[in-house]
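1. sequence below, structure please.
(one chain, ligands or ions: 1)
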Amino acid sequence: MPDSYEDVDLASLYDTINVWGPSDDFYLDLVMAAESVLDVGCGTGLLLKTARDRGHRGRLVGLDPATGMLAQARTRDDVDWIQGDLSTVSFDREFDLVFMTGHVFQIFTTDEQASAVLSAARQALRPTGRLAFESLNPEPMPWRNWVPRNASTYTAPDGTDFRVVHDIVWEDGDLVHLTETYEGPRWSEPQVDQATMRFASVEKIDQLLAGNGFEVERRYGFWDRSPYAPASKEIITVATPRPRPADH
Ligand SMILES: C[S@@+](CC[C@H](N)C(=O)[O-])C[C@H]1O[C@@H](n2cnc3c(N)ncnc32)[C@H](O)[C@@H]1O
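-> Down below sits the predicted model:
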């Protein structure tokens, strides 16, 4: 896992880099319409905290394995924060909505890992529940723009500026291995993070969903709910669990 999620100082910069945007509005609508919600890979927990602020009175659970991210989330105690992932914590037909955002689905780099998460999400959902997540569409090859010349500069909450530089190290099939480098006066030397992201095709995502008991209910290509097309930036999926004997 990238150090930027584990490290308390780097994680404290996450919400500065990843400000509220249209994807958050999309998921917030789903969260507000669901009584019980599980956010897998909740990170700093901004979405669930915002849902509480907007008056959500039901069960909100944020699950994340990273110490640094959960330290940010735990600045509020009106949401249940659990350290772990769906291989270490299990739920049994408890949620109306399970979602993964911030491209968490792309952390799972093999069919086996993705299937394990989808299967556990299926188990966590009530029979009438929904799974929602997004994955960047590989067709436009977005990682080709993640190059040092497109680096961004931010101002941290303490007023210091820092830069985040992305560089692609290698591409291998649907895997992209990248570095994310943090530079600025708050560090004595650049902080280099490494990550591998999977860019699964829409066909692969559908195969994984079907193999783990889901039917695609809605599929979008962007946060304005425009339909998915091969040139879409995102593959956004809302899926329902197929009924199984144990649900009756
Ligand atoms: C890019 S962040 C997204 C955070 C948040 N969902 C958001 O949209 O801002 C990815 C998150 O996934 C978490 N993560 C890493 N491995 C995971 C796993 N196996 N299961 C669930 N979450 C994981 C990381 O700790 C990190 O908080």
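2. only C-alpha atoms for contact and neighbour calcs from this point on.
-> Fine.
3. residues of this protein that sit close to the ligand?
-> Residues of the chain found near the ligand (C-alpha under 6 Å from any ligand atom) are 1, 5, 40-43, 64-66, 69, 85, 101-102, 104.
4. and these, which of them are in strands?
-> V40, D64 (DSSP state E).
5. widest-spaced pair of the residues of the chain next to the ligand?
-> Comparing every pair within the residues of the chain next to the ligand by C-alpha to C-alpha identifies M1 and T101 as the most remote, at 16.4 Å.
6. and the two? Which one has more around it.
-> For the pair M1 and T101, the greater number of neighbours falls to T101 (21 against 12), based on other C-alpha atoms under 10 Å.
7. and that one, what does it touch?
-> Listed by C-alpha atoms under 8 Å, 6 or more residues apart in numbering, the contact set of T101 reads V40, G41, C42, F133, E134.
8. can we see that at 7 Å?
-> F133, E134 (C-alpha atoms under 7 Å, 6 or more residues apart in numbering).
9. phi and psi next, for it.
-> Dihedral angles of T101 (phi, psi; degrees, to the nearest 10) stand at phi -140, psi 170.
10. following the lengthiest helix in the chain, which helix or strand shows up next?
-> Ranked by residue count under DSSP state H, the longest helix found in the chain is helix 111-124. Next helix or strand after helix 111-124 toward the C-terminus (DSSP states H and E): strand 125-136.
11. chain center to the helix or strand following that following strand: distance?
-> As assigned by DSSP H and E, the chain's next helix or strand after strand 125-136 is strand 152-155. Its chain's C-alpha centre and that of strand 152-155 lie 22 Å apart, by C-alpha atoms, centre = their mean, to the nearest Å.
12. Serialize the residues of the chain next to the ligand to TSV and add fields for pLDDT.
-> Formatted as TSV, the residues of the chain next to the ligand follow (pLDDT from 0 to 100):
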residue	pLDDT
M1	51
Y5	94
V40	98
G41	98
C42	98
G43	98
D64	98
P65	98
A66	97
M69	97
D85	98
T101	98
G102	98
V104	98
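13. out of the residues of the chain next to the ligand, which are buried?
-> Buried residues within those, counting neighbours by 16 or more other C-alpha atoms under 10 Å: 5, 40-43, 64-66, 69, 85, 101-102, 104.
14. domain parsing of this structure, as residue ranges.
-> Per the record, the chain has its domains at 3-136+199-247, 142-198, by automatic domain parsing.
15. next, give phi and psi for F26.
-> Main-chain dihedrals, F26, degrees, to the nearest 10: phi -60, psi -50.
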